[in-house]
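> Dropping the sequence and predicted coords here.
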Amino acid sequence: MTKDIQEELSDLVACCLAQLGWLENYPEKISLELPTDNRFGDFTTNISLKLSKLLKRPPQAIAAELVFCLQREISKTSLQKIVTQVKVEGVGFVNFYLKENYFYDKLKVIIAQGKAALRSTNGAGRKVLIEFVSANPTGSLSVAHARQAAVGDCLANILAFIGFDVQREYYLNDEGNQINILGGSVDLRLKELQGQKIEFPENYYQGDYIYDIAREADKQKIKDTSLGDFAADYILRIIKQELIDFGVNFDCWYSQKQLAKSGKIEQAFSRLKEKGFLYEQDGALWFKSTSFGDDKDRVIIKSDGSQTYLAPDIAYHEDKFNRGFSWLINLWGPDHHGYINRIKAAIEAFGHKPDELSVIIVQLATIFRNGQPVQMSTRRGQYITLREVLDEVGADAARFFFLMRRTSSHLDFDLEVAKKQSAENPVFYVQYAYARICSILRSSAIEIKNDLDLSVLKEKEELSLIKKLLEFDTILNICRATCDPYMLTVYLQELSESFHKFYDLHRVLDQGEVLTCARLALIKGVKIVLSCGLELLGITQPEKM
RNA sequence: GCCCCUGUAGCGCAAUGGAUAGCGCACUAGCCUCCGGAGCUAGUGGUACAGGUUCGACUCCUGUCAGGGGCACCA
């Protein structure tokens, strides 16, 4: 949104640096930043601080020359109608101050165009595949999967909104050891239900849901070797419903079984072999991942002839590129962090750059109730499921809570807080701001006119609210750069706070037609941005609460 | 042993290497004849420790201490 002028000004900075003969000293990309505080103008650059050492001159002196040049250049262009001041402040920052009209015009665009005004095209249609959850179909989704689902879905929303061509994919581990064990578990429970005495191994699936599947299998007369597939299919239907109820929809369910059948694994191996990245040792086939920085080589075919998990995964990631995606994002649990180098090595072996794959490790969430961690035991099949969290706090609160900490950080999720209706609970704080705006707009008899006069919005709270709205695009780009949607939750809380402060100090209705109309426009702008942000988080926007 | 994450106010957290480190809870004192008080205002109080890089470090690097998670020819 603020992109246009921000770019114009940074181009101008580059132009001045060139005139002063400093551009070659400054290899970094020139970009203006939003200052941490309104006191420091509307845009800022630290360029003179960075040039200080290279030019062996004090930063203030450099900044002064730069400002002199900038002022001259600005006066030659239409920017002079927007920029009021450029000055050196602090230790040598160059700060740009814009006219209020600039912000009023931006707000008008948002009112007129709605969400379309917030959308940008930075992604330029680049095809990105985001793979997440990908839980084995051996039981209900856990809270760990739930967090991945929330993060992945929201990140996909954001990337799509800023112009990427995004596909959501779930890698379905529908064959192999775990499915065999699942089948074995059902088989034993079936025998138990039929009155046989059984010994149930510890590494088998302990949960009560295995009995349900066994009863269903009995009804449909499924037995022996087909039990694994039957059970996986049964559980997959449950998982799909859980995800739908959580508001997460995948574009593609990629079957490992189909991948194995397709011959792509063997093709991938032969290509790696041609390139000299495979060798045999101790009866196993190894991938030379150390060629690409991994700390040891990895087995892909075990000495008993079966494949390791890495084998299909190598082929799978190569296939992602072959399907036309140029940016792969994988969300994995923390137990997979050792796996990153292996997969990066694999894509490099196929000639891709390591940064074409972004692996996001989604740290675990611990569920608390009244400040006490909820005990769980995976051994007994008693872990907290996505379903339980949804039933208890609802999808809105659940999504917000899973997103409100940096994805790479542990998250404490207190079920009681998520149900509270106070400022302690950020999702209510944000939704309350939204509902409050809707309420004011409902009770207003005045329509917002086309020939709006926003220049009456002179109060400090009004201007900082408009400026907060315009940060939206910057925030989304930070989310993209960090591959982490959590900053959006922070922003929406800040925007809501900014609105509540405005609301308490300044009345919207009955302020005379011009001022009321301008303030209605202002809160409508807030409504549009809040609505858009909540939508990207996958959270509802209640008009009443 | 090796790897990952985290140490910020009594508690829970925030701060794309930037200017005076913000917010909620709790505690104290205020604000509804008024658009939704599920809100707002003010006060109290903080970067684990030791070095280093930098013009500038909560942020990056090294080490120490503390907490959480993970290591496979499992998936």
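Received it, and whenever you're ready, just let me know what you need. Treat the numbers as computed from the prediction; the structure is a model and nothing was measured.

> Endpoints of stretch A:503-516, how far apart?
The first residue of stretch A:503-516 is 13 Å away from its last residue (C-alpha to C-alpha, to the nearest Å).

> That one close to RNA strand B?
Yes: counting by C-beta under 7 Å from any atom of the strand, RNA strand B is contacted by stretch A:503-516 at A:503-509. The way it works is simple: take the backbone N, C-alpha and C, and place the C-beta from them, glycine included.

> from the chain's centre, how far out does that stretch sit?
37 Å (C-alpha atoms, centre = their mean, to the nearest Å).

> Buried residues, that stretch. List them.
Neighbour counts over stretch A:503-516 (16 or more other C-beta atoms under 10 Å) mark A:503, A:506, A:508, A:515-516 as buried.

> I'd like those laid out as TSV, including secondary structure, pLDDT and distance to residue A:351.
TSV is the format used below for those (DSSP: H, G, I helix; E, B strand; the rest coil; pLDDT from 0 to 100; distance: C-beta to C-beta, whole Å):
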residue	secondary structure	pLDDT	distance to residue A:351
A:503	helix	93	57
A:506	coil	93	60
A:508	coil	93	59
A:515	helix	93	63
A:516	helix	93	63
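
> Can I get the helix or strand hosting residue A:260 as CSV, trimmed to CA atoms?
Applying DSSP states H and E as the criterion places residue A:260 in helix A:256-262. The C-alpha trace of helix A:256-262 is given here as CSV (Å, rounded to 0.1, in the frame of the first residue of the first chain):
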residue,chain,number,x,y,z
GLN,A,256,3.1,-42.3,-0.8
LYS,A,257,1.6,-45.5,-2.1
GLN,A,258,0.9,-43.9,-5.5
LEU,A,259,4.4,-42.5,-5.5
ALA,A,260,5.9,-45.9,-4.9
LYS,A,261,3.7,-47.4,-7.7
SER,A,262,4.7,-44.7,-10.2
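
> What mean pLDDT does that helix get?
Confidence over helix A:256-262, taken as the mean pLDDT, stands at 93.

> Following the chain past it, name the next helix or strand.
helix A:264-274.

> Check whether that following helix comes into contact with RNA strand B.
No: on the criterion C-beta under 7 Å from any atom of the strand, helix A:264-274 is out of touch with RNA strand B, staying 13.0 Å away.

> Domain boundaries for chain A, per the record?
A:3-98, A:104-122+A:422-537, A:128-172+A:247-361, A:177-245 (automatic domain parsing).

> Could you pull out the buried residues of the host helix or strand of residue A:244?
According to DSSP H and E, residue A:244 maps onto helix A:227-245. Within helix A:227-245, the residues that count as buried by 16+ other C-beta under 10 Å are A:227-232, A:234-236, A:238-240, A:242-243.

> near RNA strand B, which residues of the stretch 201-350 of chain A show up?
So the stretch 201-350 of chain A meets RNA strand B at A:281-284, A:298-299, A:302-304, A:306-309, A:334-339 (C-beta under 7 Å from any atom of the strand).

> Whichever of the residues you listed end up buried, select them in ChimeraX.
Remark: buried members of these, expressed as a ChimeraX selection using 16+ other C-beta under 10 Å:
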select /A:284,298,299,307,308,339
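
> From RNA strand B, how far out is residue A:266?
17 Å (C-beta to the nearest atom of the strand, to the nearest Å).

> mind listing what that residue touches?
If you count contacts by C-beta atoms under 8 Å, 6 or more residues apart in numbering, residue A:266 has none.

> One more: residue A:15?
Taking C-beta under 8 Å, 6+ apart as the test, what residue A:15 contacts is residue A:73.

> What mean pLDDT does the host helix or strand of it get?
Assigned by DSSP H and E, residue A:15 belongs to helix A:3-19. Mean pLDDT, computed over helix A:3-19, is 87.

> Please say whether there is contact between it and RNA strand B.
No: using C-beta under 7 Å from any atom of the strand, helix A:3-19 stays clear of RNA strand B, coming no nearer than 11.1 Å.

> from the chain's centre, how far out does that helix sit?
From the chain centre to the centre of helix A:3-19 is a distance of 30 Å (C-alpha atoms, centre = their mean).
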